[in-house]
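Q: Dropping the sequence and predicted coords here.
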Amino acid sequence: MNYQEYVYMLSDLQNKAPKIFGIPTGTKLDEMFYTVAYDERSGKYVKRPLGGIPYLSVINVTGIPDTGKSVLAEQFAVYQAARNYPVLFVTVESPAHFLYATLKQKATVMGLNFENVEKNMIIVDASQEVELRENLSALLDTMSYAIKKKNTKNVVIDSITGLYEHREVLARQIVRQIFNFLKKWNQTALLVSQKRSSQSSETAEAAGGLAVAHIVDGTIVMDKEVITSKWASTLYRKNIGEVVRTIRIDGCRLAPHSTETYVFEITDTGLIEIKEPLSKIARGGD
C-alpha cells in the first residue's frame, strides 16, 4: 500500500475543494441553509441564505411514513430538471410509470415546463428488478451508465432503505458505497430513508438510519403529529384531530444551517410548503 497517496498538505487541497453554493429545492429549505460573509458596512460577519442545499452534498431525508419525504424529493427533482439541470431518479418503491404520472402532476401545479422535465430526467427503476435492489454492484453500474448518458448533476434515491430493508446488518456498507459513488461522480443528492414508526420522532434514527445519518453530509428530519390533546392544540394552534407536520435540518457538514424546527404543510395540490418556525407559532406569532 502506498501511504503517500493518502497524505496531503492542506494547501495541496485548495484546487480540489468544491465551491459552496446552494442547489435550489424550490422550497423554504433554500433559506434554511446559509453562508457567513463579512459585511463591510457593519464590520461584522453576517448570515446570508445559501439558496439551496449545499452543492455536491449528499443529504439524508428521513421520517416515519407519510411525512412528505417523497414529496420533497420529487419536488426537488422536478424543480432542477425544469431548470435544465439533469437529474437521475432511482425509484426503489414506486414503478417508473407511476412515478411519471406523479412528476407530471408536480410540474403542472408548480407551473413548470414538463417538456423540460422530461428531457432532463433519467429514471432507474429498481422497484421491479430484484437484481438492482439486491446487487449493489449492478445498481451502481446502472447508475454510472445513466449519469454518463445524461450528464446528470443531481441524484434522488427513493428510498435507500429499500436496498437493505431485510438485511440491516449491511446498511452501513451499502450507504458508504453509495455515498462514495456519488462523491466520485460529483452529484448533489437526496437519499430518502424510512424511519420505523417506533423510533423517537426527534431523532434521525431508523432502520439503518444511523448508518445513513453518520455517513452522509447532512440530514433533514420530517415528522408529523395528530393533535389529540388540548396542550398540543394550544402549542400548534391546531384543532384536535388535525395533523401538524414539521421539518428541521439535523446537521450538515458542508454549510451552516438553521437549527429551528419549522412547521410545513402538504398543500391540496401535493406540494411541500414550509411555513414558519415552531417557536414563533408557540409564542403566538409575535
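A: It's in. Numbers count the residues shown, from 1 in each chain.
Q: Distance from stretch 39-53 to the middle of the chain?
A: 24 Å (C-alpha atoms, centre = their mean, to the nearest Å).
Q: Same question for stretch 53-71.
A: In terms of C-alpha atoms, centre = their mean, the centre of stretch 53-71 is set 3 Å apart from its chain centre.
Q: and if you look at stretch 70-80?
A: For stretch 70-80, the distance to the chain centre is 9 Å (C-alpha atoms, centre = their mean).
Q: mean confidence for that stretch?
A: Regarding stretch 70-80, the rounded mean pLDDT is 97.
Q: and if you look at stretch 190-207?
A: Stretch 190-207 comes out at a mean pLDDT of 64.
Q: Stretch 276-286 too?
A: For stretch 276-286, the per-residue pLDDT averages 78.
Q: Ok, stretch 214-227 next?
A: 93.
Q: Going forward, the N-terminal residue is numbered 10.
A: Fine by me, first position is 10 from now on; the one you just mentioned is stretch 223-236.
Q: Hmm, G35 and Q84 touching each other?
A: Yes: using C-beta atoms under 8 Å, Q84 is in contact with G35, at 5.9 Å. (Glycine included, C-beta is placed from N, CA and C.)
Q: between those two, who's got more neighbours?
A: More neighbours surround Q84 than the other of Q84 and G35, with 23 against 20 (other C-beta atoms under 10 Å).
Q: As a check, name the ranges of all helices in the chain.
A: For the chain, applying DSSP state H gives helices covering 38-41, 78-91, 105-118, 123-128, 139-143, 145-159, 180-193, 218-224, 239-245, 287-291.
Q: Nearest approach to L19 belongs to which of those helices?
A: helix 180-193 (19.3 Å; C-beta to C-beta).
Q: tell me which residues in the closest one are buried?
A: Buried residues in helix 180-193, counted by 16 or more other C-beta atoms under 10 Å: A180, R181, I183, V184, Q186, I187, F188, F190, L191.
Q: Can you pull the residues that touch both of Q84 and G35?
A: The contact sets of Q84 and G35 overlap at M119 (C-beta atoms under 8 Å, 6 or more residues apart in numbering).
Q: and the gap between F273 and H106?
A: According to C-beta to C-beta, to the nearest Å, F273 and H106 sit 29 Å apart.
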